[in-house]
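>>> predicted model, plus sequence, below.
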Amino acid sequence: MIPPKGQVMTPSPTSIAWLRRDLRIHDHPALTAAADEAAGGRLVVLYVLDPVLLTGRWSSPNRNAFLLDSLRALDGDLRAVGSRLEVRVGDAQSLVPPVAAEAGA
């Protein structure tokens, strides 16, 4: 899009909501704040799936199935409102900064 003569095009804001345990979109203060900050821009909703959750001491087939089903449901809820869930697998400390850089946040 080319801005009208005399106006400078400024980039739209990008916000990231990094979800860790609270996998719902209703009544989620951090997600609401990120969405408000990104109004008119881009909202990246991120979940980092740490393999330790799937293989660690407290893992079980039922628990893993519940987590994966919850992530699918969350993605469906986000898509219904024009967004989507970005899932990365690995260590959050090494994955979140690159996602932020990719998104321009």
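Happy to help now that I have it.
>>> and the helices in the protein, which stretches?
29-37, 51-55, 61-80, 92-103 (DSSP state H).
>>> and the contacts of the third one?
With Cβ atoms under 8 Å, 6 or more residues apart in numbering as the test, helix 61-80 has contacts from Leu19, Leu23, Arg24, Ile25, Val45, Tyr47, Leu49, Leu53, Leu54, Arg84, Leu85, Val87. Any C-beta I mention is one placed from the backbone N, CA and C, and that applies to glycine too.
>>> so of those, which two are at opposite extremes in space?
Using Cβ to Cβ, the contacts of helix 61-80 span at most 23.4 Å, a distance reached by Ile25 and Leu54.
>>> the more surrounded of these two?
Ile25 (20 against 14; other Cβ atoms under 10 Å).
>>> if we can go back for a sec, out of the contacts of helix 61-80, who's nearest Ala34?
Val45 (7.8 Å).
>>> may I see the buried residues of the worst-scoring helix or strand of the chain on mean pLDDT?
Lowest by mean pLDDT, DSSP states H and E among the helices and strands of the chain is helix 29-37, with a mean of 85. Residues of helix 29-37 classed as buried: Leu31, Ala34, Ala35 (neighbour count, 16 or more other Cβ atoms under 10 Å).
>>> just stretch 73-87 next, same as before
Leu74, Asp75, Leu78, Ser83, Leu85, Glu86, Val87.
>>> which residue lies nearest the spatial centre of the protein?
For the chain, the residue nearest the mean C-alpha position is Val45 (1.5 Å; Cα atoms, centre = their mean).
>>> enumerate every residue touching that residue.
Counting by Cβ under 8 Å, 6+ apart, Val45 touches Ile16, Ala17, Leu19, Leu31, Ala34, Leu78, Ser83, Arg84, Leu85, Glu86.
>>> from those, which is closest to Ala101?
Ile16 (10.5 Å).
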